[in-house]
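In: Sharing a model prediction with you, sequence too.
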Amino acid sequence: MAGKIQFYLLDLTYKIISDKAQICIFGKTPENERVMLLDPEFRPYFYVIPKKSTSAVIEKLKNLKVEKRDIIASVTSTEIVKKRYMGEEVEAIKVYANLPKSVPALANEAKKWDIVRFCNEYDILFTRKYLIDNNLVPMTLHEADAEEIQQGFRISTYNISGISQVGGDYLENQRILAFDIETYHPGGKIDSAKNPVIMISFYSKGFRKVITYKKFRTKHDYIEFVDDEPHLLERFKEIIERFKPDIITGYNSDSFDFPYLRARAKKYRIKLNIGIDSKDIKFGRGIYPSAQINGIVHIDIFQFIRRNIGQSLKTDSYKLDLVAQEILGEKKIDVDIENLAESWRKGTGLEHYAEYNLNDSKLVYDLCDRFMPNIIEFTKLTGITAFDVIRMGFSQIVEAYLLKQAPKFNIIAPNKPGHDEIKQRRMATYHGAFVYQPTPGLYKDIIVFDFRSLYPTIISSHNIGPGTLNCSCCKDETEFAPTDKGKYWFCKKRKGFIPTIIDDVITRRMRIKEIIKKDKKNKDKAADILLDARQYSLKIMGNSFYGYMGFFGARWYSIECARSITAYGRYYITKVIDQAKKEGFNVIYSDTDSIFMTLDRKTRKEVETFGDKINTELPGIMELELEGFFPSGIFVHAKVGPYGAKKKYALLSEDGKIKITGFETVRSNWSDIAKEVQEEVLRIILKENDKEKAFQYVQTVIKRLNDRKVALDKVMMHTKLTKEIDEYESIGPHVAIAKKMQAKGIDVAPGMIIKYIIGKGKGRIRDRAKFPSECEEGDYDPEYYINNQVIPAIDKIFEVIGYSKSEILMAEDQKDLKSFFG
DNA sequence: TACGGGCGGGG
DNA sequence: GTGTACGCCCGTA
């Protein structure tokens, strides 16, 4: 039956059917039917820009054949096109290839020819090209001519042609299914080869379920018992198949839940074929693993939060507990996960773990639900799938957006840099942001101002981009960017590609913010959330262009542009600082786009008036914003690097929270004593405003360490083994301990956390690492814990309130002397 | 100083 | 899958 079909485009891939690539779209109709759509018309291609003779290049291309593994790459046809490339008009050849895989093979060959100037767009994925060229937007409604076919898949399949987006309707009320697994992990060992999955929970709107296979009495009707682990896995599949989610979500499910389930399923020869086309889960390899399911969008919400939301969060750890607390105001259920293995063995207390397991899924569901508008906005902006967009960093998101926009400007995209190019780019440095060094110390009543979107507004108003840089038509212009290195100017006659794009991003965001302001009266909450997500996505996008142009991996890389942007930034911020000083404000610190001043005898009203005055003087859309008031803060000397100084300060906000910026975070593999001291020192200094007390506190800790009165628990180090002992080339302290354990006949394996204590003695740390059970209380090296743990955690703080590292250490000696003589 | 290794999230 | 990749810090050699 031929006719039109409408569907929301969730995801896509391609299949090779009778030696031809066919785009395969997974969609959902407005009637909630899941469908698969095959588009055989789209052909793989790339561009060749000839040096002189186009026809000569075409002749040579026609005969080009390259053998690559199992295929023979060949050119099927060519087409001459007029395009723009890096601000220049060019005549290019659009080269069509027999298969997607052929494209890089052919391009790499043609690149070597003398008569060829450039080869481009051979490294943009086939499916992504399809989305770009057809102007499609995942998660939104599309229409195509369709004919149903029998393909043997378990869902309705159609051959389609003439696909196009229909309006901006996006998939609302998505069926989101959150899940979470619990595993057996004796001794804290995560080992998917040995230890079973023991519980799986699901959560969605109106749906709760925990499956496990050790029976216990329970009041909860959502708990379901199966016979054993294989049945647990089968039930896991069954629930997903029955629920028919559009989106499946987990927390770190790319790296933990799905890989773990895969390992367990493999053991029992169970296929995890939960794709709507009955295909197995696809596991992406590499530094960031991923799990992809055909037709179900897998959102690892941890990935999205870490990459795209992280910057705006106060927490610097992305543990589910902390993230949920900050975003949802909810905590995880308090259980000791270390005891789960024992509970499981004994079969006691499992109901509580089931509640915990379900609650984790609920938190994950709520997080996914909360960020769905943002995710959808990012997909709409970039036109890439939700699966991809949540796994991308900012620069990749910017690039995706530029790649989508480029054809509309008839632009051929620059290539990704190769290894040598990256090496060179990494070496290039440039002068970063302006930093007004604070006088180290404690301050009261701090006011913080910052420029809203400083760099984007600079890019827009000065027309900065690789395509407008040092154009020949404006050679005689006198306005140069205020850089201290190189002479750069930007075209005054023609608006560039990147400035046009960023202008669009900024004005769209301003329009949305205006609507939000007006809507405040209507109190349409749902609409507000969407609008807010939209403006946030645009903000993130806009702010990322500068970093993108300075990023070594960028296609539209331009260090000259990055240099010019920071130069203008320095120019504007110093202007504001001068103005503030003129008005009698005490400026204590400034970095990039923010200015810190103290209130002193001024009133808050005067502060606001100052902000307003500056804003009337700023050009165009540039704006200075009052970030807030802070009762106290401590500032640390900042080291100036190529990208500007790092912010290093801790502020006490009006609601009593301490916000730490830029201090070396005390990491989880540090001892508790170091963490404890850092927190306490900041608390005393900021809340009690008592430097001496903080100093004395550290003295007490050092003394307690020296007197060996600190509990072993607090000096315990823990490091995870990540591979087999024999595979280690260099022997760190944890490896040394693991070797000793092995010698004692204790089973050690990757994933195990090795606990050790640094004992007294000379020589390498690793030779002094001790097995905790060998140690009695006080059996540790005070020197190591003072010098390598406590001092590094707090020396930066004390440095700025007037105590040097040696003073902290000396004082203890003197006291000893005093007590000795006294 | 260069380089190998661990961490992050998950249990 | 038009693949092969993060950024930072610590300790050892």
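Out: Nice, I can see it.
In: Low-confidence stretches in the stretch 351-500 of chain A?
Out: A:477-478 (pLDDT under 70).
In: Closest residue of it to DNA strand C?
Out: A:Gly393 (7.1 Å; CB to the nearest atom of the strand). Glycine gets a C-beta too; all of them are placed from N, C-alpha and C.
In: Can you report phi and psi for the closest residue in space to A:Glu33 that isn't next to it in sequence?
Out: Closest residue in space to A:Glu33, ignoring its immediate chain neighbours: A:Ser156 at 6.6 Å, by CB to CB, 6 or more residues apart in numbering. For A:Ser156, the backbone dihedrals (degrees, to the nearest 10) come out as phi -60, psi 130.
In: What count of nearby residues applies to A:Ser156?
Out: Per other CB atoms under 10 Å, the neighbour tally for A:Ser156 reads 17.
In: Also A:Ala749?
Out: With other CB under 10 Å as criterion, A:Ala749 counts 16.
In: ok, the residue of the stretch 351-500 of chain A closest to DNA strand C - how many residues close by?
Out: Around A:Gly393 there are 15 other residues, counting by other CB under 10 Å.
In: Against A:Val448, how distant is it?
Out: Distance of A:Gly393 to A:Val448, given as CB to CB, to the nearest Å: 27 Å.
In: before we move on, what about A:His298?
Out: From A:His298 across to A:Val448, the span is 40 Å (CB to CB).
In: Between these two, tell me which one has more neighbours.
Out: It is A:His298, of A:His298 and A:Val448, that has more neighbours when counted by other CB under 10 Å, with 23 against 17.
In: Grab the nearest non-local neighbour of that one.
Out: In space, A:His298 is closest to A:Ile248, 5.3 Å off (CB to CB, 6+ apart).
In: Specify the local secondary structure of that neighbour.
Out: Three-state call for A:Ile248 (DSSP: H, G, I helix; E, B strand; the rest coil): strand.
In: Stretch A:92-108 near DNA strand C at all?
Out: Yes. Counting by CB under 7 Å from any atom of the strand, DNA strand C is contacted by stretch A:92-108 at A:Pro100, A:Lys101, A:Val103, A:Pro104.
In: As TSV, these with distance to A:Ile176 and pLDDT would be great.
Out: Shown next, in TSV, are the residues of stretch A:92-108 next to DNA strand C (distance: CB to CB, whole Å; pLDDT from 0 to 100):
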residue	distance to A:Ile176	pLDDT
A:Pro100	32	93
A:Lys101	35	92
A:Val103	36	94
A:Pro104	37	92
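In: Just send the residues you listed back as a markdown table, with secondary structure too.
Out: Listed next are those as a markdown table, based on three-state DSSP:
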| residue | secondary structure |
| --- | --- |
| A:Pro100 | coil |
| A:Lys101 | coil |
| A:Val103 | helix |
| A:Pro104 | helix |
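In: out of those residues, what pair is the most spread apart?
Out: Greatest spacing in the residues of stretch A:92-108 next to DNA strand C, by CB to CB: A:Pro100 and A:Pro104 (9.0 Å).
In: residues touching A:Phe258, list them.
Out: A:Gly250, A:Ile281, A:Phe283, A:Ala291, A:His298 (CB atoms under 8 Å, 6 or more residues apart in numbering).
In: who's in contact with the last one?
Out: With contacts defined as CB under 8 Å, 6+ apart, the neighbours of A:His298 are A:Ile247, A:Ile248, A:Thr249, A:Gly250, A:Ser253, A:Asp254, A:Phe258, A:Ser290, A:Ala291, A:Gln292, A:Phe387.
In: May I ask which of those has the most neighbours?
Out: A:Thr249 (29 neighbours).
In: per-residue confidence for it?
Out: For A:Thr249, the model assigns a pLDDT of 97.
In: is it possible to export the contacts of A:Phe258 to TSV including secondary structure and distance to A:Lys691?
Out: As requested, the contacts of A:Phe258 are exported to TSV (DSSP: H, G, I helix; E, B strand; the rest coil; distance: CB to CB, whole Å):
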residue	secondary structure	distance to A:Lys691
A:Gly250	strand	46
A:Ile281	coil	56
A:Phe283	strand	54
A:Ala291	strand	51
A:His298	strand	51
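In: ok, and which of these reach DNA strand B?
Out: Residues of those in contact with DNA strand B (CB under 7 Å from any atom of the strand): none.
In: Which parts of the stretch 601-750 of chain A are helices?
Out: Ranges of helices in the stretch 601-750 of chain A, per DSSP state H, counting those that start in this stretch, are A:604-617, A:672-683, A:691-706, A:712-715, A:733-743.
In: To DNA strand C, which of those helices lies closest?
Out: helix A:733-743 (5.5 Å).
In: which outside residues touch that closest one?
Out: A:717, A:719-721, A:725, A:728, A:731, A:748, A:752, A:754, A:756, A:758, A:765-771.
In: wait, does it make contact with DNA strand B?
Out: Yes. Against DNA strand B, helix A:733-743 shows contacts by CB under 7 Å from any atom of the strand at A:His734, A:Val735.
In: Does that helix reach DNA strand C?
Out: Yes. Contact of helix A:733-743 with DNA strand C (CB under 7 Å from any atom of the strand) involves A:Pro733.
In: ok, then the element right after that helix?
Out: strand A:753-758 (DSSP states H and E).
In: Walk me through which strands that next one pairs with, and which way each runs.
Out: As defined by DSSP bridges, the strand partners of strand A:753-758 come to strand A:717-720 (antiparallel), strand A:769-770 (antiparallel).
In: need the strands for the stretch 551-700 of chain A, in chain order.
Out: Under the criterion DSSP state E, counting those that start in this stretch, the stretch 551-700 of chain A carries strands at the ranges A:586-591, A:594-598, A:623-635, A:649-652, A:658-661.
In: could you give the angle of the third one to strand A:594-598?
Out: Okay, so that is strand A:623-635. Orientation check (axes from the mean of the first three to the mean of the last three CA atoms, to 10 degrees): strand A:623-635 against strand A:594-598 gives 60 degrees.
In: Now do the buried residues in strand A:623-635.
Out: A:Glu623, A:Leu624, A:Phe630, A:Pro631, A:Ser632, A:Gly633, A:Ile634, A:Phe635 (16 or more other CB atoms under 10 Å).
In: Could I get the contacting residues of the residue at minimal distance from the centre of chain A?
Out: For chain A, the residue sitting closest to the mean C-alpha position, by CA atoms, centre = their mean, is A:Arg307 at 1.4 Å. For A:Arg307, the contact set (CB under 8 Å, 6+ apart) comprises A:Ile390, A:Arg391, A:Met392, A:Gly393, A:Phe394.
In: I figured the second one hits A:Ala291, correct?
Out: No. Counting by CB atoms under 8 Å, no contact exists between A:Arg391 and A:Ala291, whose distance comes to 10.7 Å.
In: Need the residues touching each of the two.
Out: Contacts common to A:Arg391 and A:Ala291, judged by CB under 8 Å, 6+ apart, are A:Asp254, A:Asp300.
In: Those residues of the stretch 251-400 of chain A touching DNA strand B, which are they?
Out: A:251-252, A:255-256, A:287, A:302, A:306, A:317-321, A:337-338, A:340, A:360.
In: redo that, cut-off 6 Å
Out: Contact residues, the stretch 251-400 of chain A versus DNA strand B (CB under 6 Å from any atom of the strand): A:Tyr251, A:Asn252, A:Ser255, A:Phe256, A:Phe302, A:Ser317, A:Tyr318, A:Lys319, A:Leu320, A:Ile337, A:Leu340, A:Asp360.
In: Run through the residues of chain A sitting next to DNA strand B.
Out: A:180, A:182-183, A:185, A:188-190, A:251-252, A:255-256, A:302, A:317-320, A:337, A:340, A:360, A:668-669, A:719-723, A:728-730.
In: returning to that earlier point: of the residues of stretch A:92-108 next to DNA strand C, which is the most crowded?
Out: The residues of stretch A:92-108 next to DNA strand C, ranked by neighbours (other CB under 10 Å): first place A:Val103, 24 neighbours.
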